[in-house]
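1. have a look at this prediction, sequence included:
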Amino acid sequence: MADDPTRKKYMTRLSKLVDPMIEPSARARGFVLSRLISHWQQIAGDMASWCQPVELKFTKGETSNGILKLAIASGRGPEANQQTENLISRVNAAFGYAAVGRLAFVQTLQAKPSRPEQPEAKPHDTQAQTNQSIWTLDEKLQQIKSPELRAALRRLGTPQDR
């Protein structure tokens, strides 16, 4: 393993590994749309569960006042029309300029099945198991010297439903 010629002796930036995979898609869709897709949850808020960006078109030579095409779940058309101005202002605020001037809706998104509401309280034994796994994780992370890396790994290893 020590003399493996394909193995590097230094760390490589994640961006160097990921960029070649993402670049063709980003180039085809455009930087603005890829940024819009990656930040859609923060931009759209609650609407992101039933609404997703599909396409962003600008007139030739322009980079503002484009038409954003959104795929929405069936039956959400009236609600989407009501939220049009709000969504346009949120998108433009995210970009810092008037990137979108109009929205177009296509009802092609499959509605996500609604989950039945479950009580928030977990059974005691499940909570005890979660606590035990967190303590075990903390013991393993004590060997890591970097506090930033230790904190990041703890966030990744901790259940999100807490």
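-> The structure has been received and is ready for your questions. Keep in mind the model is a prediction, meaning the values are calculated, not measured.

2. for the strand or helix carrying Leu137, packing partners?
-> If you go by DSSP states H and E, Leu137 is part of helix 124-141. On a contact count with 3 or more Cβ pairs under 8 Å, 6 or more residues apart in numbering; DSSP states H and E, helix 124-141 meets helix 147-157. For the C-beta atoms, the positions are set from N, CA and C on the backbone; glycine is no exception.

3. what angle sits between the helix it packs on and helix 124-141?
-> Orientation of helix 147-157 against helix 124-141 (axes from the mean of the first three to the mean of the last three Cα atoms, to 10 degrees) gives an angle of 150 degrees.

4. send over helix 147-157 as CSV, restricted to the C-alpha atoms.
-> Written as CSV, here are the backbone C-alpha positions of helix 147-157 (Å, rounded to 0.1, in the frame of the first residue of the first chain):
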residue,chain,number,x,y,z
PRO,A,147,-11.2,21.3,17.0
GLU,A,148,-12.8,22.4,13.7
LEU,A,149,-12.5,19.0,12.2
ARG,A,150,-13.7,17.3,15.4
ALA,A,151,-16.8,19.6,15.5
ALA,A,152,-17.6,18.9,11.8
LEU,A,153,-17.3,15.2,12.2
ARG,A,154,-19.5,15.3,15.3
ARG,A,155,-22.2,17.2,13.3
LEU,A,156,-22.0,14.6,10.6
GLY,A,157,-22.3,11.7,13.0
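
5. what average pLDDT does it get?
-> Helix 147-157 shows a mean pLDDT of 78.

6. hmm, who's touching that helix?
-> Applying Cβ atoms under 8 Å, 6 or more residues apart in numbering, the external contacts of helix 147-157 come out as 134, 137-138, 141, 144.

7. ok so, going back, distance between the helix holding Leu137 and the chain's centre?
-> With Cα atoms, centre = their mean, to the nearest Å as the basis, helix 124-141 stands 28 Å off its chain's centre.

8. how about the helices in the protein?
-> Assigned by DSSP state H, the chain shows helices spanning 14-29, 31-38, 40-44, 77-82, 84-95, 124-141, 147-157.

9. I'd like the contacts of helix 147-157 as CSV, with pLDDT appended.
-> Formatted as CSV, the contacts of helix 147-157 follow (pLDDT from 0 to 100):
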residue, pLDDT
Ile134, 75
Leu137, 77
Asp138, 77
Leu141, 79
Ile144, 81
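
10. report the two of those residues separated the most.
-> Ile134 and Ile144 (15.7 Å; Cβ to Cβ).

11. number of nearby residues for Leu87?
-> Leu87 is flanked by 20 other residues according to other Cβ atoms under 10 Å.

12. wait, doesn't it sit right on Gly45?
-> No. Leu87 is beyond contact range of Gly45, at 9.3 Å (criterion: Cβ atoms under 8 Å).
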